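K.L.:
here is my input, please return the structure:
(chains A, B, C and D)
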Number of protein chains: 2
Amino acid sequence: MNQIVNLKSLKTTCQACSLSELCLPRSLDDSEMVRLDDIVQRKRPIKKGEFLFQVGQPFRSLYAVRSGSVKVFLPTPSGEEQIVGFHMPGELLGLDAMEHDTHSCSAVALETTTVCELPYQNMQELCHQIPGLNHQFMSLVSKEIGSEHEMLLMLGKKMADVRLAAFLLNLSCRFRTRGFSPNEFNLSMSRHDIANYLGLAVETVSRLFTRFQEDGILEVHRRLVTIRDMSKLVALAEYAGINCQHIKDMISDS
Amino acid sequence: MNQIVNLKSLKTTCQACSLSELCLPRSLDDSEMVRLDDIVQRKRPIKKGEFLFQVGQPFRSLYAVRSGSVKVFLPTPSGEEQIVGFHMPGELLGLDAMEHDTHSCSAVALETTTVCELPYQNMQELCHQIPGLNHQFMSLVSKEIGSEHEMLLMLGKKMADVRLAAFLLNLSCRFRTRGFSPNEFNLSMSRHDIANYLGLAVETVSRLFTRFQEDGILEVHRRLVTIRDMSKLVALAEYAGINCQHIKDMISDS
DNA sequence: CGGGCCCCTTGATCGGGATCAACGCCCGAG
DNA sequence: CTCGGGCGTTGATCCCGATCAAGGGGCCCG
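P.N.:
The predicted structure is shown next:
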């Protein structure tokens, strides 16, 4: 009896999910959402360090992060890795695997994480039946491509401090969108991961955090980051050519 | 009368197109291909330096390169640009615009180029009617994401010589796939563009071309590149963690 | 055919960030 | 509690590739 209650609480529906505005259900009506809900498999939480999938595995499902966070990376033969993204609740993973029906990158949880599994076969069928779902899916895919373009710009042209500033600002925005404070948040990834993602050495990232603190931009304690001067951070990141208008609007609103 | 003949010759069909195996028509049957053909608008050739679309323009169509080549780039407020890709015949452009119905990057012809325009609205409808088309479309999108992941790896971790080697090898493969010589080809982009794309300075690229010649890897005359020692090139590029197995197979075949 | 511009190359110097090295701190395990 | 190890910081040095500078050569234009 008790167990049934637990199962029910685990089996949150898309309708009840606070992320539905960010995720696939966006702009679906109630009946459509129920049908999406039917194919979604909500898995037991995965622990920090566990793989969601690994490069080379057959591709069966896409995954949407429900809580926690995930890093996605390309392992190289030499044992290094290149992190290509960090994923937060409401974001989709596994899009790169549709080409060869094989995962071309690996995904590992950065903390205890829950995901919704979307069997691709079923997703295709449902996208076929619900044009709005297909549209939202394409939109998320397109967003992924766009954000990778921005990343190419960072890695190709920008100084180390600009990269870190843009990274922090990006996180800040994503936290805000999810209802968390944009000014104070915990990094779920290590300095090593940040450095790897930004194409820098760990030492450089560490030194930059120190410098940003000295400049009064941040306050940092271990992985807790507090943004003290958003406008300075924006000024730095604007060199990245990233459009920060919405952040400026936010600042002037408050 | 004469004009009619010219129009007909311009109006190549998907069925007759030598690129159909690379492009969207892949795995469609004849009747399906005719329907795809109906929505494809074949435009007059665009000249070197002309824009196919520009950042900020409303998104109406995807484009498939038919002949020639195109560079795609993000312009920054400061007037620089970051090239995010070069596109060859059979490849799709404009995928990043589906998110906001606005182009988030610009595309310009590197030489006289012809493209097939695919009005997105019609594409969506046709994808809905032809599952095979939808699948091939998703596959091409996925491929785009995958190749951008590889680019992130290059820019994040690799030495200049490895980047250029991997770039040339990548071109070589794509020429081969299109029925051209993988060992001798003309670069349609300037040194400046190559440097920009690879996150290097023009001078560095130029010096590397010289060094590769001294090492007997290449022969270069202006934009004509001849690969003299494919295995050395592969050895260099393998440091990039790029899978070169198919190239090795090709070498041992010959 | 001649001039100018752009593309490319080559040389010299500089500097941002990688690398090497060492240490402090937090945290979990025993 | 103590020990050990991973994570993060800081300092010193080095090097790859950027930048500055200059010159050559092809191509398009008049």
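K.L.:
how about the strands of the stretch 101-250 of chain A, start to end?
P.N.:
A:106-109, A:114-119, A:184-186, A:218-221, A:224-227 (DSSP state E, counting those that start in this stretch).
K.L.:
next, count neighbours for residue A:49.
P.N.:
For residue A:49, the neighbour count with other C-beta atoms under 10 Å in any protein chain shown is 9. Where you see a C-beta, it was placed from the backbone N, CA and C, and this is true even at glycine.
K.L.:
pipe the strands of the stretch 101-250 of chain A into JSON lines and attach mean neighbour count and mean pLDDT per row.
P.N.:
What follows is these, written out as JSON lines (neighbours: other C-beta atoms under 10 Å in any protein chain shown; pLDDT from 0 to 100):
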{"stretch": "strand A:106-109", "mean neighbour count": "20", "mean pLDDT": "95"}
{"stretch": "strand A:114-119", "mean neighbour count": "20", "mean pLDDT": "95"}
{"stretch": "strand A:184-186", "mean neighbour count": "15", "mean pLDDT": "96"}
{"stretch": "strand A:218-221", "mean neighbour count": "14", "mean pLDDT": "94"}
{"stretch": "strand A:224-227", "mean neighbour count": "16", "mean pLDDT": "96"}
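K.L.:
now those strands in TSV, with distance to chain B?
P.N.:
Supplementary listing: the strands of the stretch 101-250 of chain A in TSV, determined by distance: least, C-beta to the nearest C-beta, whole Å:
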stretch	distance to chain B
strand A:106-109	11
strand A:114-119	14
strand A:184-186	24
strand A:218-221	23
strand A:224-227	22
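K.L.:
give me phi/psi at the residue in the stretch 51-200 of chain A that chain B sits nearest to?
P.N.:
Proximity to chain B, evaluated over the stretch 51-200 of chain A using C-beta to the nearest C-beta, is greatest for residue A:76 at 3.1 Å. Backbone geometry at residue A:76, expressed as degrees, to the nearest 10, gives phi -110, psi 160.
K.L.:
dihedrals phi and psi, residue A:53?
P.N.:
Torsion angles at residue A:53 (phi, psi; degrees, to the nearest 10) stand at phi -160, psi 160.
K.L.:
related to what we said a few turns ago, what's the closest of the strands of the stretch 101-250 of chain A to DNA strand D?
P.N.:
strand A:218-221 (5.8 Å; C-beta to the nearest atom of the strand).
K.L.:
surely the residue of the stretch 51-200 of chain A closest to chain B meets residue B:154?
P.N.:
No: the criterion here is C-beta atoms under 8 Å, and residue A:76 misses it with residue B:154 at 11.1 Å.
K.L.:
settle it for me: which of these two has more neighbours?
P.N.:
Using other C-beta under 10 Å as the criterion, residue A:76 and residue B:154 rank with residue B:154 on top: 28 against 17.
K.L.:
who does residue A:85 bridge with?
P.N.:
Here residue A:85 shows beta-bridge partners residue A:72, assigned using DSSP bridges.
K.L.:
if I look at it, how far off is residue A:121?
P.N.:
25 Å (C-beta to C-beta, to the nearest Å).
K.L.:
look at those two and report which has more neighbours.
P.N.:
Neighbour count, other C-beta under 10 Å: between residue A:85 and residue A:121, residue A:85 has more, with 19 against 11.
K.L.:
contacting residues around the more buried one?
P.N.:
By C-beta atoms under 8 Å, 6 or more residues apart in numbering or on different chains, the contact list for residue A:85 reads A:71, A:72, A:147, A:148, A:197.
K.L.:
out of those, flag the one nearest to DNA strand C.
P.N.:
Nearest to DNA strand C among these, with distances taken as C-beta to the nearest atom of the strand, is residue A:197, at 11.6 Å.
K.L.:
quick one: end-to-end distance for stretch A:173-186.
P.N.:
Start-to-end span of stretch A:173-186 (C-alpha to C-alpha, to the nearest Å) is 14 Å.
K.L.:
quick one: contacts of that stretch?
P.N.:
A:18-19, A:22, A:88-90, A:171-172, A:223-227, A:230, A:246-247, A:250.
K.L.:
do stretch A:209-220 as well
P.N.:
A:161, A:164-165, A:168, A:191, A:225-229, A:232-233, A:236.
K.L.:
from the chain's centroid, how far away is it?
P.N.:
On the basis of C-alpha atoms, centre = their mean, to the nearest Å, stretch A:209-220 sits 25 Å off its chain's mean C-alpha point.
K.L.:
that one and DNA strand C in contact?
P.N.:
No: on the criterion C-beta under 7 Å from any atom of the strand, stretch A:209-220 is out of touch with DNA strand C, staying 10.2 Å away.
K.L.:
any residue of that stretch touching DNA strand D?
P.N.:
Yes: contact of stretch A:209-220 with DNA strand D is found when judged by C-beta under 7 Å from any atom of the strand, involving A:209, A:210, A:220.
K.L.:
sort out which residues of that stretch are buried, please.
P.N.:
A:209, A:212, A:217, A:218 (16 or more other C-beta atoms under 10 Å in any protein chain shown).
K.L.:
also stretch A:36-48?
P.N.:
For stretch A:36-48, a neighbour-count test (16+ other C-beta under 10 Å) marks A:36, A:37, A:39, A:40, A:42, A:45, A:46 as buried.
K.L.:
the first one against residue A:134, yeah?
P.N.:
What that stands for is residue A:36. No: the criterion here is C-beta under 8 Å, and residue A:36 misses it with residue A:134 at 11.6 Å.
K.L.:
could you save the strands of the stretch 101-250 of chain A as JSON lines and add columns showing distance to residue A:80?
P.N.:
Formatted as JSON lines, the strands of the stretch 101-250 of chain A follow (distance: least, C-beta to C-beta, whole Å):
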{"stretch": "strand A:106-109", "distance to residue A:80": "13"}
{"stretch": "strand A:114-119", "distance to residue A:80": "26"}
{"stretch": "strand A:184-186", "distance to residue A:80": "26"}
{"stretch": "strand A:218-221", "distance to residue A:80": "26"}
{"stretch": "strand A:224-227", "distance to residue A:80": "26"}
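K.L.:
and these: which comes nearest residue A:203?
P.N.:
strand A:218-221 (15.5 Å; C-beta to C-beta).
K.L.:
sheet partners, orientation included, of that closest one?
P.N.:
Using DSSP bridges, the strands paired with strand A:218-221 are strand A:224-227 (antiparallel).
K.L.:
right, is the partner strand up against DNA strand C?
P.N.:
No: residues of strand A:224-227 are not located near DNA strand C by C-beta under 7 Å from any atom of the strand, the shortest gap being 10.6 Å.
K.L.:
need the pLDDT of the residue nearest to the spatial centre of chain A.
P.N.:
Centroid-nearest residue in chain A, with C-alpha atoms, centre = their mean: residue A:87, separated by 2.0 Å. For residue A:87, the model assigns a pLDDT of 97.
K.L.:
so how far is residue A:198 from it?
P.N.:
Relative to residue A:198, residue A:87 is positioned 16 Å away (C-beta to C-beta).
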